[in-house]
Structure formats: structure tokens, C-alpha cells
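# Any chance you can model this:
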Amino acid sequence: MENDVGSRTEPTCETRMSFMRVALFAVAACLASPLGAAEDAGQTVASEGDWVLRKAGHPSSGDADCILVPKTRSRIQIVGDRLEVTGLPKNSILNYQYRIDDGPVSNAMFPTAQMQEIGVISLNGDVLKSILNGRRFSIRLLDRWHEAITEEISLAGLRSLRDQRADACKSSGAEGQPSRAPGSG
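Numbering: from 1, shown residues only. Coordinates of the predicted model:
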């Protein structure tokens, strides 16, 4: 049967199935995306509570970054003077909210253009100080498809390891170097 201009035919079952396969593959690819530097192989320098201090060498730059990562699988890490949520789909985070302990949930915040480009949410300054004084941290990210990504971690041992980081990383001179954030320095 020929289609007239402006007429519409319903997609076949095969077309629908192909679309569903592509959509499922896209979702699976996002879920299987790396969890960031927290999952990179690296030398464990110290461990306390629920956190580990690692020196991870990046062959592309020759630098050794000192990062603090939870012992459990997580996208969250502490690099220099900021908390990062890594391994996010680029240019797709609509907003995010965080909560420390049983305190109130923050207002919805919008990632900067740089955060969007590299797929990382960064928290620093007074927010980081509050996080370091807490016992539990959670962050909820909403992507442009209105899918939520939630991370919740224990902060036990983090403050002590952060204090140890300066001495442990002194030999490499890497403390505070940016993680895999192109264009930042």
C-alpha cells in the first residue's frame, strides 16, 4: 500500500522491538558506565572506617593523584578540596540535591556548563566542610530523562584520612591536583 503525503502508518512490531532494543542498550550503557576514579586501580596508602586513601597514576599526565574513596562501590570521591560525583553521563544532568546526616535536603541545584561537559558534580567550600563534619552523605541527581541516580555513603573515617592525606601525598606533590577534568588546572 502506498503512503500518501501526510498520511501516517503505524510502526510494525519489528520496528517497535528494534526501538526497544536500542533504548535498553542505551540504558544499560549508562548503568555500566565507569564509576570514575574511585574504581581505578591505584595504590592504597591508608584506610580508616569506610574510606580508603589512594594514589592513582594517570599515564596520560604522568601525575599521581591522591584521592579519598569509599570502600564500597561509589561514584563519590574526594579530590583536593572538593567532593566529586564522577562517571555521570555528559550533558545530561538536570539538577541535583544533597543531604548531610538527618539534616534538610538542599535546594535543587543546576550543574555548571563545565560540570556537564565532563560528567562530574563538584561540591566544595562550606558544603565540603559540612560534609566532612557529618556521618552520612547522600546525593540525588536527576537526568534529563527524569531518571534519578542516588548515592548514599557513610563518612566514617573520612575526616581522619583527609588529615593524613597531606603527609601521604607529599612525596608525589599531587595533593589537590584535579582529577580527570579536561581543561581544568
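# ok now do the closest residue to residue 110 other than its chain neighbours, which residues does it touch?
Distances taken as CB to CB, 6 or more residues apart in numbering place residue 95 nearest to residue 110, at 5.3 Å, with adjacent residues excluded. The C-beta positions use only the backbone N, C-alpha and C, and glycine is treated the same way. Neighbouring residues of residue 95 by CB atoms under 8 Å, 6 or more residues apart in numbering: 108, 109, 110, 111, 141, 142.
# Just the element for residue 95, please.
strand 93-100 (DSSP states H and E).
# Any buried residues in stretch 123-143, and which?
123, 127, 128, 131, 132, 134, 137, 139, 140, 141, 142, 143 (16 or more other CB atoms under 10 Å).
# Which of those residues fall within strands?
123, 137, 139, 140, 141, 142, 143 (DSSP state E).
# Would you mind checking which of those residues is nearest to residue 49?
residue 137 (13.2 Å; CB to CB).
# hey, where'd the strands end up in this structure?
Going by DSSP E, the chain shows strands at 43-48, 51-57, 64-70, 76-79, 82-85, 93-100, 121-124, 136-143, 148-154.
# Out of those strands, which gets nearest to residue 167?
Nearest of the strands of the chain to residue 167, taken as CB to CB: strand 43-48 at 9.6 Å.
# neighbouring strands for that closest one, and are they parallel or not?
Sheet pairing for strand 43-48, assigned by DSSP bridges, gives strand 51-57 (antiparallel).
# pretty sure residue 154 is in contact with residue 136, am I right?
Yes - with contact defined as CB atoms under 8 Å, residue 154 reaches residue 136; the gap is 6.0 Å.
# Bridged to residue 152, which residues?
residue 138.
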